[in-house]
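K.L.:
generate a structure from the sequence data that follows.
(chains A and B)
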Amino acid sequence: MKKITELIKDQRVYFDGGTGTVLQLMGLPAGQPPELWNIEASDKIISLHNMYFDAGANIVKTNTFGINRTKFENYEVLIRAGIECAKTAAQGRENAYVAFDMGPTGQLLEPLGQLGFEEAVSIFADNVKAAEKCGADLILIETMNDSLETKAAVLAAKENSTLPVFVTNVYDAGGKLMTGADPAAMIAMLEGLHVDALGMNCSLGPDIMLKIIGQFKKYCSVPIIVNPNAGLPEVKNGETVYNIDADAFADYMRQIAECGGTILGGCCGTTPEFIRKTIEKTRDITYSLPEKKSYTCVSSYTHAVFIDKDPILIGERINPTGKKKLKEALRSGDLNYILNEGIRQTDAGVHILDVNVGLPEINETEMMIRCVKEIQAVTDLPLQIDTTNFETLEKAMRIYNGKPLVNSVNGTEESMKNVLPLVQKYGGGLIALTIDEKGIPETAQGRADIAGKIIERAAEYGIDKKEIIVDPLALTVSSNPESAVVTLESIRLIRRLGVKTSLGISNISFGLPQRDLITSTFYANALQSGLNCAIMNPFSQAMMNVYYAYRALNMLDMGCSDYIGYAMANAGDSPKQPEQAEESLHNCVVKGLKDGAVIQTEKLLTETEPLEIINNHIIPALNEIGTAFEQKKAYLPQLLMSADAATAAFEIVKMHIPTDQTDSSKAVVLATVKGDIHDIGKNIVKVLMESYGFTVYDLGRDVPPEKIRDCAIEHSCKLVGLSALMTTTVPSMAETIKLLNETDRSIKIMVGGAVLNQEYADMIGADFYGADAMDSVRYAEKFYL
Amino acid sequence: MITAEAADVEINRNELALRLGVNRGYDDELIEKCRMSLLKVIDYKCAYIRTAIDISEENMVDLGFMRVDSRNLYNNLSGCSEAFVMALTSGVAVDRYLARLQITSQAEHFVTDALASAAIDSFCDYAVKKMREGLNCAPRFSPGYGDLSLRFQVPLLQRLNAHGLLGITLSSSYLMTPMKSITAIMGIRK
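P.N.:
Just a heads-up that it's a prediction; the model follows:
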């Protein structure tokens, strides 16, 4: 028998339909896991598969959808039995294949959920290992409604088996996964991971899938699977029924096949009759595979960014080179600063964010993993993973939710042999620098030659040149007079190789006054030479001016609507919020005027000592609003707005305090205890503490006792604040207190949270109970008096 | 399934005031600004079934697909022979939006979190109103109330296909993601 991947080259193949639907007709009680029947009623499972094969299906899904080690202790036995049932039914039939069926874990992955990425990979890997031994013909990963979990399952399949991998995701009527991805984003990621076929299943009927299939046809280069439900479920007399019958279903499936659906089948509510009729209705349609597409794109967990005529902006601000505050943030592990830079650049209108966290004194791999995860929780832009450390690159590409842009490979043997296999395995757009063992060629032709060499080597790894974006490197024009001219000529030459181009723009003006002028003019020239991507500073108005003007002039912004919107928003240099500029710093903090607080602090700094600003302006203002809050004359949101304003002012002042004068001894460790994921209360305390100038080591939520102890020891911090919101996690708080007391009796522990009161706090041995955030601040102040 | 446009569900003001720690009827620019932004990311969905229940054994409720030992639920369902079992969510985009606010503004984060909690509760009232039309129902009751253990989230969500239909997942300590999600049981009186 041909391999399934061979068969689909020649003819349309058909999946079976619903499993649960038919089993319930056979008497499976609602609520009982159908997988148990693989052993208890294997004859029924075999007969289910036989019915589908008899109806003409080529592939049956094993009855293993819900099985994994977290749900069934005997998962291996159930998987083996499930595959055996399907193989028994397939035996002796022609073109009859068994798909080992893997459904979602039912848990959401970090950072929104709690399941770690590698843990998810390992759960799926155990399934795949069990299935690999039993002789399935392919692996079907189905009903996935989260892109990252899909990626975990595909990696597990690829790393533990050589079987073909098919993937179908669940889209809603708007054509999005539950966690946000559209078909283009899923196709970018899954084709990068080299799945053999992909598509959609469940949730929708064929009528709605018909509306989405066009997007698959447009973007997909591999066979497209369409396994719809029998319409929408309705509850009639306590029974779930679906609103599309077999005839109507088959009519829709015919239209889907005409619109590009390659592999057809059914999901919930469909029965062998649906499949038989679908086959009858679609048999005469001329069969063809999707065309190979040649576009260049990267993706996030929501959308794909296409790199073509319309210029792409890559935000450069998350890179420590020359950025003191970012370096500090990286050293202290303060992700908030980094996340804020990500959000600000997103709001400034970039399409991709560069992420570079390389500093010699930190563990780059760990920091990169944290940053990639956390940045993806707060912005939906694709990321450019920027590192020269191959281990860091691999780990980041692995956990990245989507298809990343990799920065970078270069023409050295060392770089190519390390980076290219990673792009082959995980997929990704690839920035290729025109530098090799001999350095950067002085001529444009020399740079184009290196580009050509990288393209060839990539092809040996099966990486199509559409994935390669060449960066011909812009050197500082002040020390290399011909730099700009050569780089621009390189862009033109490299474009002829049929690849896209990118440039780190800002470097060109290094060492010159009024850098923006040079940088933005160079950018305009580069765009005119055909540059696709610019790694740039989106907070430079000169750069953004060029970007919007270029698009308006080159028919990339029809009706100049983006340009007009941009120009109107940036008309003149009006100072921000002039009315706030009139208030004193004290009033700005009390009233929670963040912009005003920043302006006033900057003003004060010209005439006042930094520490004086903190002690005579910020703290008294905070005390005023804090007292008002305690007297119930101000509400918590107002207190928080004041804290926001004070923190903004504090940040500016801090930059003017010589490091030897900063008082890092006033510190507190904060954590929400293990088992509890509520952190709003803890965060409020954190903000207030910071606005009062405390150094806060925030360990986050669901923190094990040992981690809290280790942090306190590491920073010799004698004040620890613990938060819990659920009664079920109070014991975990007690356990943490016990451990801290055993470690060092001089560590003081304050506790707070909705379930606590003084009595509880005393019972578990806390030193202080804070009824609200101000309470905690007052205690901490007293502690450090 | 019941769905609703975010703007069509009035966020209960008393519920909101309670969560914000402000007096009833209090409103300000910040709250209004947060409300407007939140409405853009909310995606309300509700899955429910109507099922026969058996409460013949004291302090034990048999919902057909699960047996629940809870005195409080048993009392709540007294006089009922059927119940609605429901799960509702305002979608994972709300979680992402809150994560973002946590970085950019604690004040907005706090207010938006309170708004989002009040919003899902209000959507629950909205959905319940549609379900109960013409029926005499007991007040809705959720796992985590009284002695009704959170572990019943597992069979309940499974029965509703809440993962497939609503994207609700459970952590090992039975907490739901998206964060602003609700499960409940509502008895139908004879």
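
K.L.:
got a list of what A:His656 touches?
P.N.:
Counting by Cβ atoms under 8 Å, 6 or more residues apart in numbering or on different chains, A:His656 touches A:605, A:610. Glycine gets a C-beta too; all of them are placed from N, C-alpha and C.

K.L.:
how near is it to chain B?
P.N.:
24 Å (Cβ to the nearest Cβ, to the nearest Å).

K.L.:
again with A:Ile518
P.N.:
For A:Ile518 relative to chain B (Cβ to the nearest Cβ), the value is 33 Å.

K.L.:
near the spatially closest residue to that residue that is not a sequence neighbour, how many other residues are there?
P.N.:
Leaving out its chain neighbours, the residue that sits closest to A:Ile518 by Cβ to Cβ, 6 or more residues apart in numbering or on different chains is A:Ser509, at 3.8 Å. Neighbours of A:Ser509 under the rule other Cβ atoms under 10 Å in any protein chain shown: 22.

K.L.:
surely A:Ser509 touches A:Thr521?
P.N.:
No - here A:Ser509 does not reach A:Thr521: they are 9.2 Å apart, not a contact under Cβ atoms under 8 Å.

K.L.:
B:Lys156: what's its closest spatial neighbour, skipping adjacent residues?
P.N.:
I think there's a mix-up here, since residue B:156 is Leu and not Lys. Spatially, and ignoring its direct neighbours in sequence, B:Leu156 is nearest to B:Thr183 (5.5 Å; Cβ to Cβ, 6+ apart).

K.L.:
which phi and psi does that neighbour have?
P.N.:
phi -120, psi 150 (degrees, to the nearest 10).

K.L.:
from what I see, it and B:Leu157 are in contact.
P.N.:
Yes - using Cβ under 8 Å, B:Thr183 is in contact with B:Leu157, at 6.7 Å.

K.L.:
what touches both of the two?
P.N.:
Common neighbours of B:Thr183 and B:Leu157 (Cβ under 8 Å, 6+ apart) are B:87, B:176.

K.L.:
tell me if the lengthiest helix in chain B is near chain A.
P.N.:
Longest helix in chain B by number of residues (criterion: DSSP state H): helix B:106-132. Yes - using Cβ under 8 Å from any Cβ of the partner chain, helix B:106-132 comes into contact with chain A via B:106-107, B:109-111, B:113.

K.L.:
I'd like those residues laid out as CSV, including neighbour count and pLDDT.
P.N.:
Below are the residues of helix B:106-132 next to chain A laid out as CSV (neighbours: other Cβ atoms under 10 Å in any protein chain shown; pLDDT from 0 to 100):
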residue, neighbour count, pLDDT
B:Gln106, 25, 84
B:Ala107, 24, 87
B:His109, 25, 91
B:Phe110, 27, 90
B:Val111, 29, 92
B:Asp113, 22, 93
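
K.L.:
okay, the residue nearest to A:Ile518: pLDDT?
P.N.:
Listed pLDDT for A:Ser509 reads 94.

K.L.:
and for A:Asp660?
P.N.:
So A:Asp660 comes in at 57 (pLDDT).

K.L.:
any idea which helix or strand comes after the host helix or strand of A:Val546?
P.N.:
Using DSSP states H and E, A:Val546 maps to helix A:541-553. Under the assignment DSSP H and E, the closest C-terminal helix or strand after helix A:541-553 is helix A:561-569.

K.L.:
against which helices or strands is that following helix packed?
P.N.:
Judged by 3 or more Cβ pairs under 8 Å, 6 or more residues apart in numbering or on different chains; DSSP states H and E, helix A:561-569 is in contact with helix A:541-553.

K.L.:
A:Tyr69 touches A:Ala125, doesn't it?
P.N.:
Quick fix: residue A:69 is Arg, not Tyr. No - applying Cβ under 8 Å as the test, A:Arg69 and A:Ala125 come out as separate, 10.0 Å apart.

K.L.:
more neighbours: the two, which one.
P.N.:
Between A:Arg69 and A:Ala125, counted using other Cβ under 10 Å, A:Ala125 has the larger neighbour count: 20 against 17.

K.L.:
now do the buried residues in the longest helix of chain B.
P.N.:
For helix B:106-132, the neighbour count (16 or more other Cβ atoms under 10 Å in any protein chain shown) marks B:106-124, B:126-128, B:131 as buried.

K.L.:
ok, which stretches of chain B are helices?
P.N.:
B:13-20, B:29-41, B:71-76, B:92-104, B:106-132, B:153-159, B:162-166.

K.L.:
can you check the stretch 251-400 of chain A too?
P.N.:
For the stretch 251-400 of chain A, the helices defined by DSSP state H, counting those that start in this stretch occupy A:272-282, A:324-332, A:335-348, A:364-378, A:390-399.

K.L.:
what comes up buried for stretch A:721-741?
P.N.:
For stretch A:721-741, the neighbour count (16+ other Cβ under 10 Å) marks A:721-726, A:728-730, A:732-734, A:736-737, A:740 as buried.

K.L.:
filter those residues down to the ones near chain B?
P.N.:
Near chain B, by the rule Cβ under 8 Å from any Cβ, you find A:728-729 out of the buried residues of stretch A:721-741.

K.L.:
what does the stretch 201-350 of chain A put close to chain B?
P.N.:
A:202-203, A:232-233, A:235, A:238, A:336, A:339-340, A:343.

K.L.:
redo the helices of chain B as TSV? Include distance to B:Ser173.
P.N.:
Below are the helices of chain B laid out as TSV (distance: least, Cβ to Cβ, whole Å):
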stretch	distance to B:Ser173
helix B:13-20	22
helix B:29-41	26
helix B:71-76	20
helix B:92-104	17
helix B:106-132	19
helix B:153-159	10
helix B:162-166	17
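
K.L.:
give me the residues contacting stretch B:93-112.
P.N.:
Under Cβ under 8 Å, 6+ apart, the answer for stretch B:93-112 is A:111-112, A:180, A:336, A:339-340, A:343, A:377-380, A:592, A:594, A:636-638, A:640-641, A:643-644, A:680, A:683-684, A:687, B:20, B:30-31, B:33-34, B:37-38, B:41-43, B:113, B:116, B:177-180.

K.L.:
now do the same end-to-end measure for it.
P.N.:
13 Å (Cα to Cα, to the nearest Å).

K.L.:
next: stretch A:693-713.
P.N.:
21 Å.

K.L.:
report the buried residues of that stretch.
P.N.:
A:693-699, A:701-705, A:708-709, A:711-712.

K.L.:
now swap in stretch B:76-91 and tell me
P.N.:
B:76-77, B:80, B:82-91.

K.L.:
quick check, nearest of those to chain A?
P.N.:
For the buried residues of stretch B:76-91, the minimum distance to chain A (Cβ to the nearest Cβ) is 8.1 Å, reached by B:Gly91.

K.L.:
can you give me phi and psi for that closest one?
P.N.:
According to degrees, to the nearest 10, B:Gly91 has phi 90, psi 160.

K.L.:
ok, now which ones touch it?
P.N.:
B:Gly91 is in contact with B:41-45, B:167, B:178, counting by Cβ under 8 Å, 6+ apart.

K.L.:
what residue ranges in chain B score low on pLDDT?
P.N.:
Of all residues in chain B, none has pLDDT under 70.

K.L.:
give me the number of residues near residue 145?
P.N.:
Just going to use chain A. For A:Asn145, using other Cβ under 10 Å, the count is 26.

K.L.:
not what I meant, chain B
P.N.:
16.

K.L.:
what's the answer for A:Gly322, then?
P.N.:
9.

K.L.:
for A:Phe510, see how far away it is.
P.N.:
For A:Gly322, the distance to A:Phe510 (Cβ to Cβ, to the nearest Å) stands at 9 Å.

K.L.:
ok, now A:Glu142?
P.N.:
To A:Phe510, A:Glu142 is 52 Å away according to Cβ to Cβ.
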